[in-house]
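Engineer: Sequence plus the predicted model coming up.
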Amino acid sequence: MAELIRVDDHRAELSGELLFETVTPLIREGRDLMAASGGSWCVDMARVSRASSVGVALLLDWIRMAAEANVELRIEAMPSHLKPIINISDLDELFAPLLAPQTN
């Protein structure tokens, strides 16, 4: 199961497992939240427990939507298990400006 919870107009928390079976409803939910954001939207991925390449596809959809809607998109707490997928897909340059700096 995966969930996208609205925190406020500009922020949402993504949690659970980002797998083929769970991602489809999240596409529309994220698009709707982004459209209502007023131009700035951040997704916090700290509670994502598992993800496959479908999780990267979800983020790519939201990146495309943000560009089309002129919304500034930020991604916080990108799960470390997604980074190799992004790297092998040669998407590092696309994701780098969207990633919030990690705090220790």
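Structural biologist: That came in fine, so what should we check first? Residues are numbered from 1 along each chain as shown.
Engineer: Can you identify each of the strands in the protein by residue range?
Structural biologist: According to DSSP state E, the chain carries its strands in the segments 2-8, 11-18, 40-51, 72-76.
Engineer: got the buried residues for the longest one?
Structural biologist: What it means is strand 40-51. Neighbour counts using 16 or more other CB atoms under 10 Å place 41-45, 48, 51 of strand 40-51 among the buried residues. In short, each C-beta sits where N, CA and C put it, glycine included.
Engineer: is the residue nearest to residue 63 when sequence neighbours are not counted in a bridge, and if so with what?
Structural biologist: Closest residue to residue 63 in three dimensions, ignoring its sequence neighbours and counting by CB to CB, 6 or more residues apart in numbering: residue 73, at 6.4 Å. When bridges are assigned using DSSP bridges, the partners listed for residue 73 are residue 41.
Engineer: Tell me the predicted confidence for residue 73.
Structural biologist: Per-residue confidence for residue 73 comes out at a pLDDT of 97.
Engineer: So it versus residue 43, what's the distance?
Structural biologist: Distance, residue 73 to residue 43, by CB to CB, to the nearest Å: 8 Å.
Engineer: what's the answer for residue 84, then?
Structural biologist: As for residue 84, its distance to residue 43 is 20 Å (criterion: CB to CB).
Engineer: Spatially nearest residue to the spatially most central residue of the chain, not counting backbone neighbours?
Structural biologist: Nearest to the mean C-alpha position of the chain, counting by CA atoms, centre = their mean, stands residue 59 at 4.4 Å. If you skip the residues right next to it in sequence, residue 59 has residue 75 as its closest partner in space, 6.9 Å away by CB to CB, 6+ apart.
Engineer: any idea how far that neighbour is from residue 30?
Structural biologist: Applying CB to CB, one obtains 11 Å for the distance of residue 75 from residue 30.
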